[in-house]
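Asks: structure here, sequence nowhere to be found:
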């Protein structure tokens, strides 16, 4: 922290590090492992501090401490301390009136009473559930009686049907490039990929290079591998990717496709109980059994 405060003072005074005496520069935080990279010796065997590397080391260590949570920044959203999001101690001294004004009835009663009520509710639920299981009313749990004990299991049935519905067997397989061209004809999502330099360059994209670049990144193939399996030079793919493909353009293109898709009448056919279901991402994981949370998507 002494080095950070020292560097802040340097910035405020607008004074270069070379103007400071070496003895005034904090160096205690430099480990023996890093000393060989930060010091040099002249012909008289006098050790000198490499100021550029010294400054970079402070930035690097500061970034590591921020990432690990050892140092916090109140002016940041991501690196704020947890205590900064809480009310201050002076305000918390008025907690009784705060709880009463917010009508938090649960916090107004003693914790022992609240825990006892929860325990009674849980015990009643356990008794009710066990009665339904033993009586056979709960068809979702199977009980097997043995000589000395009982065991239970969930009646999950393994899916015998293939993953792909037979309905799709009547369709011909279509390559991804043709699909993207077809989608672009209906919503023009490729126009969302603007050049990173904007109006100072030719904004028109080469779709024959942009689409393979999107496929290369989307399938984890990579531009180098795409250049090997296609007739497009790697340099053209890399240039197009660097100029047009970035987070902002990908979001705009994704919104363009999503908005166009939501207007299709067939989208309502994929609702479950008249509700729209979605996942946090498009990843698929294979599981041993199917549950409500783990099942084949209706899409």
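Replies: Received, thanks. Please read these numbers as outputs of a predicted model, since none were measured by experiment.
Asks: so where's the stretch 51-200 of the chain uncertain?
Replies: By pLDDT under 70, the weakly predicted segments of the stretch 51-200 of the chain are 157-164, 199-200.
Asks: same thing but 90
Replies: 51-109, 130, 133-174, 194-200 (pLDDT under 90).
Asks: quick one, strands of this structure?
Replies: Under the criterion DSSP state E, the chain carries strands at the ranges 39-41, 47-49, 142-145, 150-153.
Asks: for the closest residue to residue 246 other than its chain neighbours, the count of nearby residues, please.
Replies: Nearest residue to residue 246 in three dimensions, chain neighbours excluded: residue 196, at 6.7 Å (CB to CB, 6 or more residues apart in numbering). C-beta here means a position set from N, CA and C on the backbone, and glycine is covered the same way. Using other CB atoms under 10 Å, residue 196 is surrounded by 13 other residues.
Asks: and residue 196, how far is that from residue 234?
Replies: Going from residue 196 to residue 234 by CB to CB, to the nearest Å gives 19 Å.
Asks: over to residue 142?
Replies: 59 Å.
Asks: same check, this time on residue 97
Replies: For residue 97, the distance to residue 234 - CB to CB - is 68 Å.
Asks: more neighbours, those two?
Replies: residue 234 (15 against 9).
Asks: what's the spatially closest residue to that one that is not a sequence neighbour in contact with, if anything?
Replies: Nearest non-adjacent residue to residue 234, counting by CB to CB, 6+ apart: residue 227, 3.5 Å away. For residue 227, the contact set (CB atoms under 8 Å, 6 or more residues apart in numbering) comprises 233-234, 237.
Asks: wouldn't residue 106 be in contact with residue 114 here?
Replies: Yes - counting by CB atoms under 8 Å, residue 106 touches residue 114, with 6.2 Å between them.
Asks: those two - which one has more neighbours?
Replies: Taking neighbours as other CB under 10 Å, residue 106 and residue 114 compare with residue 114 leading, 14 against 9.
Asks: separation between that one and residue 107?
Replies: Counting by CB to CB, the gap from residue 114 to residue 107 is 9 Å.
Asks: also residue 150?
Replies: 42 Å.
Asks: looking at these two, which has the bigger crowd around it?
Replies: Neighbour count, other CB under 10 Å: between residue 150 and residue 107, residue 107 has more, with 14 against 10.
Asks: pretty sure that one is in contact with residue 98, am I right?
Replies: No - at 9.5 Å, residue 107 and residue 98 do not qualify as touching, with contact defined as CB under 8 Å.
Asks: how is this structure divided into domains?
Replies: 2-83, 179-270 (automatic domain parsing).
Asks: any idea which of those is most buried?
Replies: domain 179-270 (a mean of 14; mean count of other CB atoms under 10 Å).
Asks: distance between the ends of that one?
Replies: Length of domain 179-270, first residue to last, CA to CA, to the nearest Å: 21 Å.
Asks: now stretch 14-28
Replies: Terminal-residue distance, stretch 14-28 (CA to CA): 24 Å.
Asks: need the contact partners of that stretch.
Replies: Residues from elsewhere that reach stretch 14-28, judged by CB under 8 Å, 6+ apart: 2-3, 6, 10, 48-49, 51, 54-55.
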